[in-house]
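Enquirer: sequence and predicted structure are below.
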Amino acid sequence: MKRIVFGVIFLAFFLGFTEEASAQLNRKSIQKNNRRMASYKGQRYGFKNKAYSAFGISVNALNYYGDLSPTPQRGSTDISFTKPAIGLSFMHRFGPRYTILGQFMYGTLKGADSESADFGDVESGKYRYQRNLSFRNRISELSAVAYFDLFDNTATYLSRVKWTPFVYIGLAGFLHNPQAQAPATDLRGAALPEAGQWVDLRPLGTEGQYSTLESTDANSGIKPYSKIQMAIPIGLGARFKLNDVLDLWAEVGFRYTFTDYLDDVSRNYVDLGVLDGPLAKAMSYRSNELPVSELPPLKTYTARDGIVYQTIPGYGQESPSNMRGSKDDKDIYMVTSLRITYILGATLHRAKYR
């Protein structure tokens, strides 16, 4: 009996001691948490810890707007000359609505009067068709673009919004090199060694860039254009969450360039006699390649090199009114893109935030 009483007393004492110890521990824990809350300044849980980076790949469609567009209107382009491009990008999201994306893109622009201009359009198409110029230009572009989302996201990448529209603006630098296919013969009917080949147009100086021009010439003072140029990318689009780590971006925008020579066309025709060699002359004036039935009566003149040429009136000869292009408007190219981005460090982020 004494053993039973002693056991009951011991058990009661033990339980009371345990409860008191637990209460003391709880009080210490609460006090510690209170001290943490009192000193909390938000650094650990601000957006910095919710930022993330991603790698992307895009397929793009390029369209050209310039002197070889179907019509003189600024928004005119030939959809049939839409060309593909591919892009590689790296992005960093650093705010609820803000993303910076760096991208390398490679693609081709193309245009041709013979395919784009309407010979039956007597207002402007006919004269562009008779000009008969063409080009292709392979573009290598590096850009840095700021994206601004319409819907903000203050959570981690795992809880990002399912979709959001956005707008973007940035700065791009690109390397370009306009080319055209050489005709079978020169302007005097002799076979060209470069016939059918894609030749670089810039070294030829098709508008007199490397020629000695008179002070009264329309293109007097013209300089060679640079192959390295700048552009302002502007556009809009939408981004869609595919799963925890993949996003789909769809966007369309324009590159407003600071050059009028994506197509090697900007100013007036020059006297064919000042150009250096048969190839330069043949690439500067190409109306002679059209069927005779589509040409008006030709005009004969003696060029400054003493050679006699036959050209369409208003083309291939020095005159303030013989415009090859319009120097007042810079060239533009449009970029339509589909991009897939993969969020980097996904495993680490899951362990940290889940």
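Expert: Yep, that arrived.
Enquirer: point out where the stretch 151-300 of the chain drops to low pLDDT.
Expert: Along the stretch 151-300 of the chain, no part satisfies pLDDT under 70.
Enquirer: change it to 90
Expert: Within the stretch 151-300 of the chain, the segments meeting pLDDT under 90 span 153-160, 293.
Enquirer: in it, which spans are strands?
Expert: For the stretch 151-300 of the chain, the strands defined by DSSP state E, counting those that start in this stretch occupy 163-175, 178-181, 198-200, 228-241, 246-257, 299-302.
Enquirer: return the most buried member of the ones you listed.
Expert: strand 178-181 (a mean of 20; mean count of other CB atoms under 10 Å). Where C-beta positions appear, they are placed from N, C-alpha and C, glycine not excepted.
Enquirer: partners of that one in the sheet?
Expert: Strand 178-181 has its sheet partners listed here by DSSP bridges as strand 134-149 (antiparallel), strand 198-200 (antiparallel).
Enquirer: whichever strand or helix holds Ser89: how far from the chain's middle?
Expert: If you go by DSSP states H and E, Ser89 is part of strand 83-93. Relative to the centre of its chain, strand 83-93 is centred 9 Å away, using CA atoms, centre = their mean, to the nearest Å.
Enquirer: now it against strand 134-149, angle please.
Expert: Taking axes from the mean of the first three to the mean of the last three CA atoms, to 10 degrees, strand 83-93 and strand 134-149 form an angle of 20 degrees between their directions.
Enquirer: strand 83-93 - contacts with which helices or strands?
Expert: strand 52-65, strand 98-112, strand 332-343 (3 or more CB pairs under 8 Å, 6 or more residues apart in numbering; DSSP states H and E).
Enquirer: list the contacts of the next helix or strand after the second one.
Expert: Sequence order places helix 113-116 as the next helix or strand after strand 98-112, per DSSP H and E. Residues lying outside helix 113-116 but in contact with it, judged by CB atoms under 8 Å, 6 or more residues apart in numbering, are 68-70, 78, 80-81, 128-129, 131-134, 290.
Enquirer: how distant is helix 113-116 from the center of its chain?
Expert: Chain-centre distance of helix 113-116: 24 Å, with CA atoms, centre = their mean.
Enquirer: again, but for stretch 65-85
Expert: The answer for stretch 65-85 is 15 Å, by CA atoms, centre = their mean.
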